[in-house]
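> The following block contains a protein sequence and its predicted model.
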Amino acid sequence: MLNLFISLLLFLLFSPKLHFVFYIDIIFYFSLAYLLCWMIFFTIKGRFFDGVIYGFRKVGNGVLRKLAFDDWEDKPMPSTKVSPSFLGFLLTQGLYLLVIMFILLFIYYI
């Protein structure tokens with residue numbers, strides 16, 4: 001509900017004309033932002049970047065050996081920092097807004 005209120009507020013403040021299509025566009029942008037964030041965090045959670053981060057840490061430790069970064073292997077990988085509940089939150093918010101957008105498009109074209 002908060003997303004719909006914020007999108008309505010943005011519609012009233014920034015739309016050049018108060019057309020229903022502009023409100024549908026704003027809801028689309030909100031759902032797109034949620035779903036893009038979900039895709040990024042889903043990729044991180046899927047351990048896609050863990051190998052790259054491990055390689056950078058290993059090379060950085062070899063180059064900067066004089067600074068004694070011995071705990072580089074003990075640092076958590078990015079995939080362990082992403083919570084499954086946060087992924088679920090992003091996905092449900094994005095899908096709910098997408099469904100609402102399709103309902104509004106259906107109403108608009110009828």
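Nice, thanks for sending it over.
> Please name every helix or strand in contact with the lowest-mean-pLDDT helix or strand in the chain.
Ranking every helix and strand in the chain by mean pLDDT, DSSP states H and E puts helix 50-63 at the bottom, with a mean of 79. Applying 3 or more C-beta pairs under 8 Å, 6 or more residues apart in numbering; DSSP states H and E, one finds that helix 50-63 contacts helix 78-81. Any C-beta I mention is one placed from the backbone N, CA and C, and that applies to glycine too.
> pLDDT averaged over the helix it packs on - what is it?
Per-residue pLDDT over helix 78-81 has a mean of 86.
> Report the buried residues of it.
By neighbour count on 16 or more other C-beta atoms under 10 Å, the buried set for helix 78-81 is 78, 79.
> got the contact list for it?
Helix 78-81 is contacted by residues 44, 45, 46, 47, 49, 50, 53 when judged by C-beta atoms under 8 Å, 6 or more residues apart in numbering.
> The least confident helix or strand of the chain: how far from the chain's middle?
26 Å (C-alpha atoms, centre = their mean, to the nearest Å).
> Keeping just the C-alphas, turn it into PDB.
Output of helix 50-63 as PDB, limited to C-alpha atoms (Å, rounded to 0.1, in the frame of the first residue of the first chain):
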ATOM      1  CA  ASP A  50      32.000 -15.300  -5.100                       C
ATOM      2  CA  GLY A  51      34.800 -16.600  -7.300                       C
ATOM      3  CA  VAL A  52      35.600 -13.200  -8.600                       C
ATOM      4  CA  ILE A  53      35.700 -11.700  -5.100                       C
ATOM      5  CA  TYR A  54      37.900 -14.600  -3.900                       C
ATOM      6  CA  GLY A  55      40.400 -14.000  -6.800                       C
ATOM      7  CA  PHE A  56      40.600 -10.300  -6.100                       C
ATOM      8  CA  ARG A  57      41.200 -10.900  -2.400                       C
ATOM      9  CA  LYS A  58      43.900 -13.500  -3.200                       C
ATOM     10  CA  VAL A  59      45.700 -11.200  -5.700                       C
ATOM     11  CA  GLY A  60      45.300  -8.200  -3.400                       C
ATOM     12  CA  ASN A  61      46.800 -10.200  -0.500                       C
ATOM     13  CA  GLY A  62      49.800 -11.200  -2.700                       C
ATOM     14  CA  VAL A  63      50.400  -7.600  -3.900                       C
END
